[in-house]
Structures are given as structure tokens and as C-alpha cells.
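Q: no sequence on this one, just coordinates:
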């Protein structure tokens with residue numbers, strides 16, 4: 001009678017291979033929290049950039065209803081009303097809350113600035129934050 005099954009050596013080899021795979025893969029998954037936090041902050045920076053561009057387009061069509069973003073006087077914190085709900089998601093903040101927006105461009109209006117940077121409080125490798133492209137709407 002012939003028996004079927006795995007030998008003890010075959011089972012040990014499979015367990016060793018699984019152990020090696022787990023030892024290699026585990027460090028890659030441990031740091032996903034920092035990567036997710038960075039992606040969250042990068043998304044907010046993109047939303048700020050888009051909101052600023054929409055505000056600039058609105059200023060071109062309806063100058064009285066747009067939120068003025070004046071070069072040299074507006075701070076990064078003044079951009080929050082441009083976002084939906086007017087606030088950052090939880091744990092996202094400006095790197096320098098009082099940074100003054102300095103737009104490069106024709107008389108400041110229509111020029112852009114990257115002085116406003118956002119980061120997640122649990123940031124991974126990019127603790128310096130992600131730059132939002134701000135378009136000035138007023139000279």
C-alpha cells in the first residue's frame with residue numbers, strides 16, 4: 001500500500017520559505033502609515049492649488065465676489081475659506097501658518113507662489129510638507 005502526503009522535510013522547507021517571505025515583506029507594510037499621511041497632505045496641497053486657480057478664474061469673471069489673494073500681505077491661513085468647508089482634514093496643517101504669500105508674476109495678480117506648504121502631523125519622509133501653488137487675484 002502506497003501512502004500519500006508530505007514528508008517532514010518538505011513541510012519544514014515550506015515553513016522556512018514562508019518565514020523568509022514574511023521577514024522581507026513585513027518592513028514594507030510597517031511604514032505604510034507614514035506614506036498614507038504624506039499622500040493625505042499632498043492631496044490637500046492639490047486641493048488648495050485647485051481652489052486657488054478656481055478663485056483666480058472667478059476673480060477674472062466677477063472681481064467683486066472672489067476672495068482676494070494679495071501678494072505680500074495675504075497669509076497662508078487666509079486660503080482656508082477657499083477649501084470646501086473652510087477647514088483642513090484632521091491632522092493636516094500648514095508648515096508655517098503665518099507665511100506671507102509672495103506671488104511672482106505681473107504685478108502680483110495672476111502670478112503664482114509656492115510659499116504655502118502643508119503637511120500631515122504624522123508625516124513620513126516629507127516633514128517639510130507639500131507646496132500648494134497659489135495664484136494671486138489682486139495686485
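A: Received the coordinates, thanks. Just so we're clear, the structure is a prediction, and the values are computed from it rather than from any experiment.
Q: for residue 111, give me its contacts.
A: With CB atoms under 8 Å, 6 or more residues apart in numbering as the criterion, the residues that contact residue 111 are 71, 103-105, 135-136. C-beta here means a position set from N, CA and C on the backbone, and glycine is covered the same way.
Q: assign the spatially closest residue to residue 77 that is not a sequence neighbour to helix, strand or coil.
A: With sequence-adjacent residues excluded and distances taken as CB to CB, 6 or more residues apart in numbering, residue 77 is closest to residue 97, at 5.3 Å. The local conformation at residue 97, judged by DSSP: H, G, I helix; E, B strand; the rest coil, is coil.
Q: and which of the contacts of residue 111 is nearest residue 2?
A: For the contacts of residue 111, the minimum distance to residue 2 (CB to CB) is 78.5 Å, reached by residue 135.
Q: can you tell me the SS state at the one residue sitting closest to the centre of the chain?
A: Ranked by distance to the mean C-alpha position of the chain (CA atoms, centre = their mean), the top residue is residue 42 at 1.4 Å. Three-state secondary structure (criterion: three-state DSSP) places residue 42 in helix.
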